[in-house]
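1. build me a model from this:
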Amino acid sequence: MPPRLLTAPLTTPAASDAAARAAIFPRVRWMGSKHKLLPHLAQAFADVAPAAGPGSALDAFSGSGVVSYLLKHQGWSVHSNDYLGFPGVVASAGVVNHDTVLSGDDVERILGPAADERDFVRRTFTGVYFTPDDLAFLDSAWSHIDTMSGGGRAVAIAALCLAAARKQPRGVFTLTGDLSRYDDGRRDLRLSLREHFVERVADYNAAVFAGPRECTVSSLEVGELPQRRHDLVYLDPPYAPPADDNDYTKRFHFLEGLSRYWVGDTIMWDTKSRKLPKRVTKYSSRRTIEEAFREVFKQFHDSPLVLSYSSNALPDLETLVRLLREVKDEVEVRRVPHTYHYGTHRSAVRRSVDEYLFLAR
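-> Take a look at the predicted model:
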């Protein structure tokens, strides 16, 4: 039976309020970011919540962290997961962390003289990204962050990474060398990383709040997550485009390394951008994407599912519904017209597509 496609319903006041509160979460220009879809997601999560109210929720592909943050605002006990480490730091700062902010003294110490002689960032990325002063700041900042722990450490690292993302033209790290041709006069390109850091700390501090339940975080391949029942599983896997790729490591490798000061990383020294090795999964290829979906639906067959996917990606709507019906009796599809803005420049690619929300119970 072909899927019945419904226009996304109007959001209730409660869902709209949660979405509005979640919208303050510091924004990383992440491929497939869900900031603009928060009201529709809030309504979908409310519609599948148990009669007794929100319980345990798994955000299996957390990415920018904003959906985990929305779930926390709605009262769920959130487990935020992504196979990359950088999203885990972001979730630790804004979702797991209930009460720790950085004080003015904390910020001044991080901005102050270096606590040791480290120079890894300067040696590795001179002439690749940022000015010598900006690179020196990243080394110096980490000399202090290394002595921190808990929520304060997470906030500091998240702010440092967001500073680097905002300073980098287009927000991705596939661009290297002289980037003056991308300078369109935006303020983000004028600020030093020190100035960005101060502002980004304020952004994360403003986002910290005490949720009603404990939240946790992990950095695992989705198939490595424990196979247990949740009251909600939200799936937002990498969209497999008919052309190009969905390699997040290629685009955000600098943030991934910066989030842990490249400790334990294998840098590809023969690449100009000093890339990290690509993480190949079944979501990376059009040949294996259908199998990836079948496996993840089976893995969480005992839980109510909400899936986000785009109309311009593979597999198509009919295939996703068929796969969901292998494990679920009830599958509802909501259509949300959406325009993706990818990149930070004025001529950034803007694609009008349909975003599908699948509710499977």
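2. buried sites along stretch 147-154?
-> Within stretch 147-154, the residues scored as buried using 16 or more other CB atoms under 10 Å are 148, 151-154. Glycine gets a C-beta too; all of them are placed from N, C-alpha and C.
3. stretch 279-297: which residues count as buried?
-> For stretch 279-297, using 16+ other CB under 10 Å, the buried residues are 281-284, 289-290, 292-294, 296-297.
4. repeat that for stretch 49-58.
-> For stretch 49-58, the neighbour count (16+ other CB under 10 Å) marks 49, 54, 56-58 as buried.
5. neighbouring contacts of that stretch?
-> With CB atoms under 8 Å, 6 or more residues apart in numbering as the contact definition, stretch 49-58 has outside contacts at 45, 71, 74-79, 81, 225, 230-234, 300, 303.
6. please enumerate the strands of the protein.
-> 5-7, 56-59, 77-81, 216-218, 232-235, 305-310, 331-342, 349-360 (DSSP state E).
7. what residues sit buried inside the biggest helix by length in the chain?
-> Looking across the chain with DSSP state H, the single longest helix is helix 150-167. By neighbour count with 16+ other CB under 10 Å, helix 150-167 contains the buried residues 151-167.
8. hang on, the earlier thing: possible to save the strands of the chain as JSON lines with mean pLDDT and distance to residue 267?
-> JSON lines is the format used below for these (pLDDT from 0 to 100; distance: least, CB to CB, whole Å):
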{"stretch": "strand 5-7", "mean pLDDT": "70", "distance to residue 267": "46"}
{"stretch": "strand 56-59", "mean pLDDT": "98", "distance to residue 267": "29"}
{"stretch": "strand 77-81", "mean pLDDT": "98", "distance to residue 267": "25"}
{"stretch": "strand 216-218", "mean pLDDT": "98", "distance to residue 267": "24"}
{"stretch": "strand 232-235", "mean pLDDT": "98", "distance to residue 267": "31"}
{"stretch": "strand 305-310", "mean pLDDT": "97", "distance to residue 267": "32"}
{"stretch": "strand 331-342", "mean pLDDT": "81", "distance to residue 267": "26"}
{"stretch": "strand 349-360", "mean pLDDT": "83", "distance to residue 267": "29"}
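9. CSV for those strands, including distance to residue 322?
-> Shown next, in CSV, are those (distance: least, CB to CB, whole Å):
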stretch, distance to residue 322
strand 5-7, 15
strand 56-59, 23
strand 77-81, 26
strand 216-218, 30
strand 232-235, 16
strand 305-310, 13
strand 331-342, 9
strand 349-360, 12
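10. from residue 326, how far out is the spatially closest residue to residue 29 that is not a sequence neighbour?
-> In this structure, residue 29 finds its nearest non-sequential neighbour in residue 171, 3.6 Å apart by CB to CB, 6 or more residues apart in numbering. As judged by CB to CB, to the nearest Å, residue 171 and residue 326 stand 37 Å apart.
11. repeat for residue 233
-> Counting by CB to CB, the gap from residue 233 to residue 326 is 16 Å.
12. out of those two, which sits in the busier spot?
-> residue 233 (26 against 11; other CB atoms under 10 Å).
13. who's that one bridged to?
-> residue 58, residue 305 (DSSP bridges).
14. that one and residue 98, how far apart?
-> Plainly put, residue 233 is 23 Å away from residue 98 if you go by CB to CB.
15. residue 76 now?
-> Computed as CB to CB, the residue 76 to residue 98 distance reads 14 Å.
16. also residue 294?
-> Separation of residue 294 from residue 98 (CB to CB) stands at 37 Å.
17. now swap in residue 138 and tell me
-> 28 Å.
18. when those two are compared, which one has more neighbours?
-> Remark: of residue 138 and residue 98, residue 138 carries more neighbours, 25 against 15, as counted by other CB under 10 Å.
19. who are the contact partners of the more buried one?
-> 121, 130, 160, 164, 193, 258.
20. for residue 132, which residues are in contact?
-> Taking CB under 8 Å, 6+ apart as the test, what residue 132 contacts is 122, 126.
21. report pLDDT for it.
-> pLDDT, residue 132: 96.
22. could you do the one 10 residues further on as well?
-> Reading off the per-residue confidence, residue 142 sits at a pLDDT of 98.
23. quick check: closest non-adjacent residue to it.
-> residue 261 (5.0 Å).
24. now swap in residue 325 and tell me
-> Nearest to residue 325 is residue 331, by CB to CB, 6+ apart, at 5.7 Å.
25. any idea how far residue 237 is from the one you found?
-> Applying CB to CB to residue 331 and residue 237 gives a distance of 17 Å.
26. repeat that for residue 258.
-> From residue 258 over to residue 237 (counting by CB to CB), the distance is 24 Å.
27. now swap in residue 133 and tell me
-> In this view, residue 133 and residue 237 are 39 Å apart by CB to CB.
28. same drill for those two, tell me which one is more crowded.
-> Neighbour count, other CB under 10 Å: between residue 133 and residue 237, residue 237 has more, with 22 against 11.
29. test my guess that that one contacts residue 295.
-> No - taking contacts as CB atoms under 8 Å, residue 237 lies outside contact range of residue 295: 11.0 Å.
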